[in-house]
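**Student:** below is the sequence, then the predicted model.
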Amino acid sequence: MLVFRPTDNNLQLLVHPKFRTIVQEEDLVYIETLLMDLFERAERGAATLFKQISSLGVGPLVTQEVGTSLLESPSVQKIYSQFIEYKIS
């Protein structure tokens, strides 16, 4: 998952388009529930949620990189084009 904050009041959640086949079946419901929760929490407070996500260090999600621009991270820049925006269906 990639998370961007284009504005203080907005978050963009990106996932790998095949995440449902990449994630183990027994974890899929948990991950989809987590994504929906993040989406809903972003609508209530994007800046606060982004701050929390930026410092995750325990549990199923761990922050790997934090920056202000894609140009700062060649590794994120490389995979960015492979990800799609997460939409609640």
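**Tutor:** Noted; the coordinates are in hand.
**Student:** and the helix or strand containing residue 26, what does it pack onto?
**Tutor:** Element membership of residue 26 [criterion: DSSP states H and E] is helix 25-53. Under the contact criterion of 3 or more Cβ pairs under 8 Å, 6 or more residues apart in numbering; DSSP states H and E, helix 25-53 touches strand 2-7, strand 10-15. From N, CA and C alone the C-beta is placed, and that goes for glycine too.
**Student:** residue 53 against residue 63, yeah?
**Tutor:** Yes. With contact defined as Cβ atoms under 8 Å, residue 53 counts as touching residue 63 (6.7 Å).
**Student:** excluding covalently adjacent residues, which one is nearest to residue 9?
**Tutor:** residue 46 (5.4 Å; Cβ to Cβ, 6 or more residues apart in numbering).
**Student:** and residue 53 and residue 63? Which one has more around it.
**Tutor:** residue 53 (19 against 12; other Cβ atoms under 10 Å).
**Student:** remind me which residues of this protein are low pLDDT?
**Tutor:** For the chain, the stretches with pLDDT under 70 are 58, 88-89.
**Student:** what about the residue nearest to residue 80 when sequence neighbours are not counted, neighbour count?
**Tutor:** Spatial nearest neighbour of residue 80, excluding adjacent residues (Cβ to Cβ, 6+ apart): residue 70 at 6.1 Å. Neighbourhood size, residue 70 [other Cβ under 10 Å]: 13.
**Student:** quick check: residue 70 touching residue 76?
**Tutor:** Yes. Residue 70 is within contact range of residue 76, at 6.2 Å (criterion: Cβ under 8 Å).
**Student:** surely residue 54 and residue 66 touch.
**Tutor:** Yes. Counting by Cβ under 8 Å, residue 54 does reach residue 66; the two are 4.7 Å apart.
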